[in-house]
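Trainee: The sequence and its predicted three-dimensional model are supplied below.
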Amino acid sequence: MAAEAIEEAARRKNDPADLINIALERLVEGSYELPAFRTPNDMAATIRARVNEEIFALVADRLGQPGPAARWHLQLHLASLNSQFVARIRTEQGHSERHHAGHGERPFSPRSPDY
């Protein structure tokens, strides 16, 4: 009975505490003896993992396998994002160095002898 309650709830909730509470509520409603904490905790972890795998597999099936063109576009997009990130870091570093150079200070570097 508790396993059925956890399985049903795991499709709507992901927090183990919620799943355990639902199982315990179902057991209390049915006037069953409550098990040791470890039992519903282990059940919740096992059932939740299985249900999550089923959900992830369903999502992956719906997305389908990307073809070579999709992979190429993804790689191109990631490379573009990386280039933008690197350019921004360099711009910010250059601004920082110019700012400190004008004030007679040198920028902090973890490789500096002061570190």
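Mentor: Thanks, I have the structure now.
Trainee: where does the chain have low pLDDT?
Mentor: 65-67, 69-71, 74, 81-82, 84-87, 89, 92-115 (pLDDT under 70).
Trainee: residue ranges of the helices in it, please?
Mentor: 2-10, 16-29, 38-63, 68-102 (DSSP state H).
Trainee: so which of these is the most packed in?
Mentor: helix 2-10 (a mean of 19; mean count of other C-beta atoms under 10 Å). In short, each C-beta sits where N, CA and C put it, glycine included.
Trainee: Can you tell me what sits against that helix?
Mentor: Applying C-beta atoms under 8 Å, 6 or more residues apart in numbering, the contact partners of helix 2-10 are 18-20, 22-27, 35, 40, 43-44, 47-48, 51-52.
Trainee: and with 6 Å instead?
Mentor: By C-beta atoms under 6 Å, 6 or more residues apart in numbering, the surrounding residues in contact with helix 2-10 are Leu19, Ile22, Ala23, Arg26, Leu27, Pro40, Met43, Ala44, Ile47, Arg48, Val51.
Trainee: now the residues you listed in a markdown table, with distance to Thr91?
Mentor: Below are the contacts of helix 2-10 laid out as a markdown table (distance: C-beta to C-beta, whole Å):
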| residue | distance to Thr91 |
| --- | --- |
| Leu19 | 48 |
| Ile22 | 52 |
| Ala23 | 55 |
| Arg26 | 59 |
| Leu27 | 61 |
| Pro40 | 54 |
| Met43 | 54 |
| Ala44 | 49 |
| Ile47 | 50 |
| Arg48 | 45 |
| Val51 | 47 |
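Trainee: Noted, bye for now.
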